[in-house]
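Peer 1: Any chance you could fold what I've pasted below:
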Amino acid sequence: MKKKIALSVILLLAAAGAAFWWITSRARSKPLELSGSIEARDAQVGSLVGGRVVRVRVDEGAVVKKGDTLVFLESDLLDRQIEQERGNVAAQRANLEKVVRGPRTEEIARARADWGNAETKRRRSEALLQSGLLSPQEYDADAAQARMLGETYRELARGNRPEDIAQARAQLAAEEGRLAYLLEQKDELVVRAPADGIVQTMDLRPGDLVAANQGIVTILEPSEIWVRVYVPEPKLGLVRVGQSAAISIDTFPGRSFRGRVVEIRQQSEYTPRNVQTLEQRGDQVFGVKIAIEPAPELKPGMTAVVRLSP
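Peer 2: Reported below is the predicted structural model:
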């Protein structure tokens, strides 16, 4: 009798264990469904210098490629500065060439002749001084003139000092730097698309003034779209980076878009106020970013349901 009772208890425990295993297995194998909305990366495009709008090449909704021209800004004032700076660069380049070459051969020959004449005069004055026909003061003046012209000749024969050449090179480099800066500013007067995308906002007309460092065009990058969902802490173990996901959109019933988990935040938070029910807003959750394979029909702001297979 006791053996039958013990056997019955064992069978009941085994059945309970099997039922528990079956229930938990079903629960674990059930896909995790989460709700979120589609987001996309956008770029605020503008100019570093600002100016007056001359021409607008695109409208809102236009598809653009990386490097396409969006807006032209007026360049008349900058063009004048560039021309003036080009003249300064040319003048400094000529000055450097002049300093490197040194005095002309004719200048050196003239200085040598002047020194020779002064030295001849000094020797005659020396002979007259020894004969008592010339005062020492007059001889000293002729000797000083000969020494001065001799130093002038030797200075010209040696050429310019290395310090003078270095200074001329530095002045040329400074002017070239200013010219390069102005040319970069002119390049900023043409606003170009930084990446492939769709023009989301564009409210410019010729004659409008735009400020420097201000976004004037918003470009949406459809190749960079994702869904941000929030996973309750008890279910975080069912999610991993690289995990595949199926995404459905209310606008396209019956269709499924492919995605994968690319980011799981390390810090928990409370569910944002605009997600799910009031009860769920108080739960501790982890934000999960799920990248979606690009599709032209997907738009930012669409509500999405994400199914993650365990």
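Peer 1: Leaving out the residues flanking it, which one is nearest to residue 70?
Peer 2: Sequence neighbours aside, residue 191 is the residue nearest to residue 70 in space, at 4.8 Å (criterion: CB to CB, 6 or more residues apart in numbering). Bear in mind the C-beta positions are built from the backbone N, C-alpha and C, glycine included.
Peer 1: Confirm the one you found sits in a helix?
Peer 2: No: counting by DSSP: H, G, I helix; E, B strand; the rest coil, residue 191 is not part of a helix but strand.
Peer 1: where exactly do the strands run in this structure?
Peer 2: Counting by DSSP state E, residue ranges of the strands within the chain are 32-47, 51-56, 63-64, 69-73, 190-192, 197-202, 209-210, 214-232, 244-249, 252-264, 269-270, 284-292, 303-308.
Peer 1: Using TSV, lay out those together with mean pLDDT, mean neighbour count and distance to residue 86.
Peer 2: Converted to TSV, the strands of the chain look like this (pLDDT from 0 to 100; neighbours: other CB atoms under 10 Å; distance: least, CB to CB, whole Å):
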stretch	mean pLDDT	mean neighbour count	distance to residue 86
strand 32-47	88	17	23
strand 51-56	94	17	21
strand 63-64	90	16	33
strand 69-73	94	20	21
strand 190-192	94	17	20
strand 197-202	86	19	35
strand 209-210	92	14	27
strand 214-232	87	19	30
strand 244-249	90	19	57
strand 252-264	88	14	50
strand 269-270	75	12	58
strand 284-292	88	20	49
strand 303-308	89	20	56
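Peer 1: Distance to residue 108 added to those, as TSV?
Peer 2: Listed next are the strands of the chain as TSV, based on distance: least, CB to CB, whole Å:
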stretch	distance to residue 108
strand 32-47	54
strand 51-56	53
strand 63-64	64
strand 69-73	54
strand 190-192	52
strand 197-202	67
strand 209-210	59
strand 214-232	60
strand 244-249	85
strand 252-264	76
strand 269-270	83
strand 284-292	76
strand 303-308	86
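Peer 1: List just the one of the ones you listed that sits closest to residue 137.
Peer 2: Closest to residue 137 of these, according to CB to CB: strand 51-56, at 72.4 Å.
Peer 1: angle of the closest one against strand 197-202?
Peer 2: 120 degrees (axes from the mean of the first three to the mean of the last three CA atoms, to 10 degrees).
Peer 1: List of residues touching strand 51-56?
Peer 2: 70-75, 189, 202, 204-210 (CB atoms under 8 Å, 6 or more residues apart in numbering).
Peer 1: what's the closest of the strands of the chain to residue 105?
Peer 2: strand 190-192 (50.2 Å).
Peer 1: Show me how far that closest one is from its chain's centre.
Peer 2: 14 Å (CA atoms, centre = their mean, to the nearest Å).
Peer 1: Would you mind saying which of the strands of the chain lies nearest residue 144?
Peer 2: Using CB to CB, the nearest of the strands of the chain to residue 144 is strand 51-56, at 64.0 Å.
Peer 1: Now the closest one - C-alpha only, PDB.
Peer 2: Only the C-alpha atoms of strand 51-56 are listed here, as PDB (Å, rounded to 0.1, in the frame of the first residue of the first chain):
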ATOM      1  CA  GLY A  51      25.500  85.200 -46.700                       C
ATOM      2  CA  ARG A  52      22.800  86.100 -49.100                       C
ATOM      3  CA  VAL A  53      21.000  83.300 -51.000                       C
ATOM      4  CA  VAL A  54      21.600  83.600 -54.800                       C
ATOM      5  CA  ARG A  55      20.100  80.400 -56.000                       C
ATOM      6  CA  VAL A  56      18.300  77.300 -54.600                       C
END
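Peer 1: what lines up beside it in the sheet?
Peer 2: When sheet partners are counted by DSSP bridges, strand 51-56 sits next to strand 69-73 (antiparallel), strand 209-210 (antiparallel).
Peer 1: Not including adjacent chain positions, what is the nearest residue to the most centrally placed residue in the chain?
Peer 2: Among the residues of the chain, residue 194 comes closest to the average C-alpha position under CA atoms, centre = their mean, at 10.3 Å. Nearest residue to residue 194, sequence neighbours excluded (CB to CB, 6+ apart): residue 43, at 5.4 Å.
Peer 1: hey, what's the one you found bridged with?
Peer 2: The partner residues for residue 43, given DSSP bridges, come to residue 219.
Peer 1: For residue 73, see how far away it is.
Peer 2: Using CB to CB, to the nearest Å, residue 43 is found at 18 Å from residue 73.
Peer 1: OK, contacts around residue 119?
Peer 2: Contacts of residue 119 by CB under 8 Å, 6+ apart are 146, 150.
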